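Trainee: Predicted coordinates and the sequence they were generated for:
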Amino acid sequence: MPSNIVVHNLANGIPSETESIDAVYHSHMLEHLDRDVAPKFLLEVKRVLKPGGIQRIVVPDLQLLCRQYVRHLETCERDSQEIPKHDSYVSAIIEQCVRKEGTGSTLQPPFRRTVENLLRGDARRRGETHQWMYDRVNLGFVLTELGYKNPRQQDYRTSLIPNWNDFGLDLDGQGNEYKPGSLYLEVQK
C-alpha cells in the first residue's frame, strides 16, 4: 500500500489530533454503520475538523432510488412488458439491507463458498449490508443536530473543498461519476 494510506479501525476513533484536519471525505461508508453508531462517527469527524472545516459525505441517494422505483411502478401499470424488470428497482433500495450472503461468496464453487461463509461470516458481519439509508433531508437533519453548519448538497464535480476536482475521488478512470445515484452532502464545523 502507498505510504500515505493509513489502515485503521474507525471504531477506535480517527487517528488525528483534535481540530487538525481541513476536510474529511467518506464515500459509501456511513450507510453501513448502525443507525445509533453513525452520529458517534460524525461527532468524531467533527472533533478532528478545524473550525470551518468541511465534511463531505457520499451515500446512496434514497430519494433518487425511490423516485426511480415509483416511475417504474407507473410504467408497469401502463406496460406489462416492464413487470419482469421491476424487482431490480426494489432491489436497488433494499437488496443491500437484507442480503444474507457476501457478494463474493456467491461467485465461488460450492465447497469454497461454504468454507468462505463459515470463516468470514454473513454479509452483515463482513460490513456489506446497509444499516440505514439517507436522503438530503434526514442526513442534513442529523448533521445539524450534531452542531454542523450549512448542509449543502453538491454533485460529484462540485465542492466547498478547494481544488476538489484535482483529487478525483468521485471520478472513475474516464472522468465520469464514480458512483452514479449518490447523494453528495457537505457541512462545515
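Mentor: Yep, it's here. Residues are numbered from 1 along each chain as shown.
Trainee: What are the buried residues along the lowest-mean-pLDDT helix or strand in the chain?
Mentor: In the chain, no helix or strand scores lower on mean pLDDT, DSSP states H and E than helix 110-120, which sits at a mean of 85. Going by neighbour count (16 or more other Cβ atoms under 10 Å), the buried part of helix 110-120 is R113, E116, N117. The C-beta positions use only the backbone N, C-alpha and C, and glycine is treated the same way.
Trainee: I'd like the average pLDDT over the helix or strand that comes right after that helix.
Mentor: Counting by DSSP states H and E, the element after helix 110-120 in chain order, helix or strand, is helix 136-145. For helix 136-145, mean pLDDT rounds to 98.
Trainee: For helix 136-145, name the packing helices and strands.
Mentor: helix 38-48, strand 49-60, strand 149-154, strand 182-188 (3 or more Cβ pairs under 8 Å, 6 or more residues apart in numbering; DSSP states H and E).
Trainee: Just name the most buried of these.
Mentor: strand 182-188 (a mean of 22; mean count of other Cβ atoms under 10 Å).
Trainee: how far off strand 49-60 does that strand point, in degrees?
Mentor: Using axes from the mean of the first three to the mean of the last three Cα atoms, to 10 degrees, the inter-axis angle of strand 182-188 relative to strand 49-60 is 170 degrees.
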